[in-house]
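# with the input below, show me the fold.
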Amino acid sequence: MGFDKCTKDELIKEINRLNKKVNKLEASAIPRLQKQKFQKSPNTRKQNNIKESLRKISHALGERGKELSCLYSISNILNESIPPEKAFHKILKVIIQSYQYPEITAARLLMNESEYKTNKFEKTKWVQSCSIYANKKKIGELEVVYLEKRPDAFEGPFLKEERHLINSIAQLLTQFVVRKQTELELQESREQLKNFAAHLQTIREEERVYISRELHDNLGQSLTALKIDLFRILKKLSDEKENSNLNYVIDQTQEMVHLVDSIIQSVRTIARELRPRVLDDLGLLSAVEWQIKEFVKRSGIKCQLISSLNNIDINKVHSIGIFRIIQESLTNVIRHSDATNVIIKIYEKTDKTLIEIEDNGCGIKQSDIFSSKSLGLLGMRERALIFGGDFIIKGTEGKGTKILLTIPKI
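Reported below is the predicted structural model:
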């Protein structure tokens, strides 16, 4: 064959060419042989030459078929979802069957300082090899050996077509290794992004805890002390009834007391929103119950929790992420759904915990589910990704929105 790389299409073309040649020789040879059969002195030498030509072409056709089958099988193996080590061993078994003398053929693959070889492999002087490169760097070597001497051909005992074949196999292996390296780098990049997101999430929650504690302990205590001082002033002013000018001061002081009460309540609310203490003290299920009460109080929308669980066994790092997803879901109900009822179900199934949040509102549009503007949904997906969960949201127009959060047990 007159080509440098033995590809599938070229092998098919070569087989078709050889088939045509065989058919042509048979068409011309059979009538001659039949005619010579009835002649008294047949041309035996010419007859033998024709038979030998047919035998060689038939043999070459069989070899090309083996090569085509080899490349096809290797391509399939490299696309299987199996470890590279197992794939390499299977490929070597396929290679030895595609050579002229499979009964005395052995093969070895050196790849990234690892060695894979067939059972009978040993170094001999009858060897055909091809280097494997990736990104202009040698990463391996493919070797095929004959264990016994055979007649010389194109490259020692090896055919020219076998040189094309081993070059093509090396090219397939190169593509496979490059693809696997790219997949590994992509996986590592995703893992790094996931870890970075988890790290940012942890830092953000730590900041929330710190701010919540500062608001509750320091600012809250200071306002409480201010309120006490105002009460003392108010009491003293109230005792001085003779002075008519004190009425204005008393009224203003009472207003200041009410204002301080309002500020204290706001500080407590902000502190709870930043980091609900019930989550740290009583766990996720109690925190969800508290959040539902706050949601009903703030929105007036009915909300029911259905769960047979007494406790959700999830570590604190993941529980805050789950709580934030539920919190954000309820916030979205208030902002966008026009719902009058929400049902939250929490249950376990095999090795997973599932949380369903369903409302009877207008239903989220499909275009909004993956919109770049839906930052709240994006944040919920990222939180679910951090603890290895799945976040699915579906909307039915006029019937409502349903969220399914799946959490693996760790």
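
# tell me where the chain has strands.
For the chain, the strands defined by DSSP state E occupy 105-111, 114-117, 127-134, 137-146, 302-307, 341-349, 352-359, 390-396, 400-408.

# pull up the pairing partners for the third one, direction included.
What it means is strand 127-134. Next to strand 127-134 in the sheet, as set by DSSP bridges, lie strand 137-146 (antiparallel).

# beta partners of the closest residue to Gly363 other than its chain neighbours?
Distances taken as C-beta to C-beta, 6 or more residues apart in numbering put Gly395 closest to Gly363, at 4.0 Å, once the chain neighbours are dropped. The way it works is simple: take the backbone N, C-alpha and C, and place the C-beta from them, glycine included. When bridges are called by DSSP bridges, Gly395 pairs up with Thr401.

# any idea how far Val296 is from Val278?
The spacing between Val296 and Val278, counted by C-beta to C-beta, to the nearest Å, is 16 Å.

# do Lys409 as well
Relative to Val278, Lys409 is positioned 23 Å away (criterion: C-beta to C-beta).

# low-scoring pLDDT stretches of the chain, where are they?
Across the chain, the ranges flagged by pLDDT under 70 are 1-65, 196, 198-199, 203, 210, 213-218, 237-246, 248, 273, 410.

# packing partners of the longest helix anywhere in it?
Across the chain, the helix with the greatest residue count (assigned by DSSP state H) is helix 160-213. In terms of contacts (3 or more C-beta pairs under 8 Å, 6 or more residues apart in numbering; DSSP states H and E), helix 160-213 is packed against helix 44-78, helix 84-97, strand 105-111, strand 127-134, strand 137-146, helix 246-274, helix 316-332, helix 375-386.

# and the ones you listed: which comes nearest Leu165?
Distances from Leu165 to each of the helices and strands packed on helix 160-213 were compared using C-beta to C-beta; the minimum, 5.0 Å, belongs to helix 44-78.

# count the neighbours of the nearest residue to Ser75 once chain neighbours are set aside for me.
Among residues not flanking Ser75 along the chain, Leu172 sits closest, at 6.6 Å (C-beta to C-beta, 6+ apart). Close neighbours of Leu172, defined as other C-beta atoms under 10 Å, add up to 16.

# isn't Leu172 right next to Asn76, touching?
No. Here Leu172 lies out of contact with Asn76, judged by C-beta atoms under 8 Å, at a distance of 10.9 Å.

# got the domain ranges for the chain?
The record's domain split for the chain, according to automatic domain parsing, is 1-79, 197-273, 281-408.

# ok now the second one, how far from the chain's centre?
Think domain 197-273. Put simply, domain 197-273 sits 50 Å off its chain's centre (C-alpha atoms, centre = their mean, to the nearest Å).
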